[in-house]
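A.B. asks: my questions are about this predicted structure, shown below with the sequence.
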Amino acid sequence: MILSHTLGFPRIGAQRELKFALERHWRGELDAAALEAVGRELRQRHWALQRDAGLDFVTVGDFAYYDHVANHIQLLGCEPARFGFDGSEGELTRYFTLARGVAADIAGSAAGCGCAAAGPAHDGRPALEMTKWFDTNYHYLVPEFLPDTAFSLASSRLFDEVAEARALGHAVKAVVLGPLSFLWLGKEKATFDRLALLERLLPVYGQLLSRLKAAGAEWVQIDEPILGLDLPAAWRAAFEPAYIALAAARARLMLATYFSPLADNLNLACRLPVAALHVDAVRAPDELAALADWLPAHKELSVGIVDGRNIWRTDLDRALARLLPLAERRGGRLWLAPSCSLLHVPVSLAAEAGPRAPLDDELRGWLAFATEKLAEIDILKRVFNDGEDTVAEDLAASRRALAARRASPRVADPAVAARLAALPADADRRRSAFPLRQARQRERLGLPAFPTTTIGSFPQTAEIRAARAAFKRGELDSASYRERMAQEIAHAVRRQESLGLDVLVHGEAERNDMVEYFGEQLAGFAFTASGWVQSYGSRCVKPPLIYGDVSRPQPMTVEWTTYAQGLTARPMKGMLTGPITLLQWSFVRDDQPRADTALQIALAIRDEVADLERAGIAIIQIDEPAIREGLPLRHGDWRAYLAWATRAFRIAASPVADETQIHTHMCYAEFNDILPEIAALDADVITIETSRSDMELLAGFGDFRYPNEIGPGVYDIHSPQVPATAEMERLLEKAAAVIPAQNLWVNPDCGLKTRAWPETEAALRNMVEAAKRLRVRYGG
Ligand SMILES: CN1c2c(nc(N)[nH]c2=O)NC[C@@H]1CNc1ccc(C(=O)N[C@@H](CCC(=O)N[C@@H](CCC(=O)N[C@@H](CCC(=O)O)C(=O)O)C(=O)O)C(=O)O)cc1
Ligand SMILES: N[C@@H](CCS)C(=O)O
Ligand SMILES: [Zn+2]
């Protein structure tokens, strides 16, 4: 018998119902009960979808009002003491405090902007840090651990949800993050080893599993994605005793791994005393044979056969070819599932039909979002359980779609192939070495020491978003929309001039998103109407789809950039998203290596760089915030990735003269483990997020003697708090202790699109003042 399930389902809602409810709640327009009603309605809808798709169990525990790791912090009773909760606050209030921090004197502004994580707040309660969930564009809240962190079962939310699903008649599989992954994903806030907390944590997990069983969960999926990482020996060694201890709870456990091969953890995963093991057969198809050998016959094998990280229809014949020998080997017993939670793909293709939909019928036919992926799993299951004839039509439709995609003339563009073949070997090299470029740029730009700048975006106000929405609905004509954006840009330029910034930006008002905006203009890319995916909290992104060879039919940013430059005598930075970030934050074609697609995008961006230079733009920034996130999860794969990723960046950045200054920008990650490669990008200036680590991140750049110029972020843009001049001075002093002062720039951590104008202006005023004081101290 073949069974089916999903590791998780998107929680945000097909129409982003959760996002809008959350933001209304934060603005004080929706009370907690009404928010909970929206959550309940979404869970019920998603469980019904799972049941209707023929899954044998619905998954309970994948829902979260902000983030599932944050749910575990409450569930396991380890809310950090620094939040000072006194027991009078409700669970939901505490939850949003962990996620967003509190700034008592500016709470109105924080809530009004719908921003998610807040940074250091006036009353000393900064939000939990946010970081990337493995190699995805989803951000989780980082648990904080101290040597005396205690655990207890402190929330009934998960058990209530199990009861809710049971009351609706569903067979339930609950999902929790495993104890080792939970500890691994957290951070020590004092000098000690957080693995030491396992002993204290395990009894609470034991209680958790017993209660889930008592609540009627037939299975508990226990996620240990860290089994896909290169783990230190102590962490690997901790698995077996931990799971032996958990076995005492007598819950039926499915250990779930995903995102990368198990490799040297395969044997360990097979040995653990659990009833079932889930593996990612999309990222690690080659391990299936070994699993069939090693997993004891009495255990269930759940095969993640449908890609949970991408949106292409599954090749069902290839999937069946993989599954058949496995099923045979395991006596006809298998579970089928997506490779990972479906959190990372949009809810349904249903919203992509209709005359105004940007996706045409042909492209839509090649795709499967979360709902359609469940249907694919059901087809595969029925082939085994009921015979191929029962799904002959579905299989034929799937084959037709795949054949159409393979044969489509829209995929291959011979001109792109020809250009790549003719690419000179030195296309990734600037004309001169950095010292000469630096001298020429200094002469051309005439900037003061500690030049001030921002990262690109200024507040994406409700008015800007509303104008764009009206334009897209056809209610605002193109000329009026462009006029509105021109006004916004002019406004941003005026404000920067009056603040005294040295290098200006146009503010990105015209961009819906730093990736989608380019995706809408590049050939080989398509975009959706409602293909939203949660990025953090209530914030979502709509990743474009790369379906074919990429090229740039026409300039994408030159008009707005030259317009902005025409408004000021100061240098206006051109603002582009780099090839790796465009790749990483899109759904990428699966019919050629990612490296090839990256190279094609690099050529398109190179053309834009050349056009900006030709239009007289002296400084061009190529954002690469996702370059670190794109690193493979296994170290052994790093070298190959870094080689093509850095080459793609350099190809994009290298067509310009020495006098043209190339900036890059990175955030959301620690870069110290890839510093040589960051240096090899050879950007003239790099701006990076450093303020949240109190410039600690910069130490690596100092130790490494990073050769080019650096703008370490001096304030956290996630917070509406206005940073004090003295604090930014202190950070700059700290930076000057490790980086030569003449190479330092002054800027925020990242773009300001999620902020409001009043706090933005106040923060930048203080930042400019801090730079002036540094100039006095260091000369220049
Ligand atoms: C830098 N970050 C980014 C990541 N990934 C990206 N693809 N882009 C990024 O910028 N990953 C790492 C970080 C994550 N950070 C963020 C920060 C902010 C957001 C965010 O604000 N997202 C918006 C959606 C952005 C967008 O595409 N907006 C569109 C559509 C706006 C919209 O919702 N319109 C409404 C109607 C509005 C009205 O009538 O007033 C509608 O269509 O229904 C646009 O501007 O046109 C969000 O709201 O979640 C994301 C990641
Ligand atoms: N230029 C972009 C970079 C974000 S990582 C911005 O300022 O929003
Ligand atoms: Zn950034």
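C.D. replies: In hand now; what should we look at? Quick caveat: nothing in here was measured; it's all calculated off a predicted structure. Ligands and ions are numbered 1, 2, ... in the order given.
A.B. asks: can you give me the helices in the stretch 301-450 of the chain?
C.D. replies: 316-329, 361-364, 370-386, 392-407, 414-421, 434-445 (DSSP state H, counting those that start in this stretch).
A.B. asks: spell out which parts of the stretch 101-250 of the chain neighbour ligand 1.
C.D. replies: Within the stretch 101-250 of the chain, the positions near ligand 1 by C-beta under 6 Å from any ligand atom are residue 137. Where C-beta positions appear, they are placed from N, C-alpha and C, glycine not excepted.
A.B. asks: state the distance from whichever residue of the stretch 51-200 of the chain sits closest to ligand 2 to residue 372.
C.D. replies: Residue of the stretch 51-200 of the chain nearest ligand 2, by C-beta to the nearest ligand atom: residue 137 (11.6 Å). Distance of residue 137 to residue 372, given as C-beta to C-beta, to the nearest Å: 21 Å.
A.B. asks: more neighbours: these two, which one.
C.D. replies: For residue 137 and residue 372, the more surrounded residue by other C-beta atoms under 10 Å is residue 137, and the numbers stand at 22 against 19.
A.B. asks: so that one touches residue 536, yeah?
C.D. replies: No. The criterion here is C-beta atoms under 8 Å, and residue 137 misses it with residue 536 at 9.2 Å.
A.B. asks: returning to what we had before: element containing the residue of the stretch 51-200 of the chain closest to ligand 2, please.
C.D. replies: If you go by DSSP states H and E, residue 137 is not part of any helix or strand.
A.B. asks: list the contacts of it.
C.D. replies: When contacts are counted by C-beta atoms under 8 Å, 6 or more residues apart in numbering, residue 137 touches 344, 533, 535, 541, 543, 584, 585, 626, 629.
A.B. asks: where does confidence bottom out across those residues?
C.D. replies: Minimum pLDDT for the contacts of residue 137 is recorded at residue 629 (90).
A.B. asks: what sits closest to that one if chain neighbours are left out?
C.D. replies: residue 132 (5.2 Å; C-beta to C-beta, 6 or more residues apart in numbering).
A.B. asks: list the contacts for the one you found?
C.D. replies: Residue 132 sits in contact with 138, 139, 140, 629, 668, 669, where contact means C-beta under 8 Å, 6+ apart.
A.B. asks: need the residues that contact the one helix or strand residue 236 maps to.
C.D. replies: Under the criterion of DSSP H and E, residue 236 resides in helix 233-247. Residues from elsewhere that reach helix 233-247, judged by C-beta under 8 Å, 6+ apart: 179-180, 184, 195, 198, 202, 205-206, 209, 222, 224, 226-227, 253, 255, 265, 268, 271-274.
A.B. asks: show me what residue of the stretch 1-150 of the chain gets nearest to ligand 1.
C.D. replies: Closest point on the stretch 1-150 of the chain to ligand 1, by C-beta to the nearest ligand atom, is residue 137, at 4.9 Å.
A.B. asks: hmm, who's touching stretch 487-495?
C.D. replies: For stretch 487-495, contacts defined as C-beta under 8 Å, 6+ apart pick out 458, 464, 504-507, 509-510, 560, 563-564, 567-568, 572, 757, 761.
A.B. asks: to the chain's geometric centre, what's the distance from that stretch?
C.D. replies: 30 Å (C-alpha atoms, centre = their mean, to the nearest Å).
A.B. asks: also stretch 56-64?
C.D. replies: On C-alpha atoms, centre = their mean, the centre of stretch 56-64 falls 22 Å from the chain's centre.
A.B. asks: avg pLDDT for it?
C.D. replies: 98.
A.B. asks: what of stretch 126-134?
C.D. replies: Mean predicted lDDT for stretch 126-134 stands at 90.
A.B. asks: in the stretch 1-150 of the chain, which spans are helices?
C.D. replies: 17-26, 32-52, 68-75, 91-100, 107-112.
A.B. asks: please identify the most buried of those helices.
C.D. replies: Greatest average neighbour count among the helices of the stretch 1-150 of the chain goes to helix 68-75 (a mean of 23), per mean count of other C-beta atoms under 10 Å.
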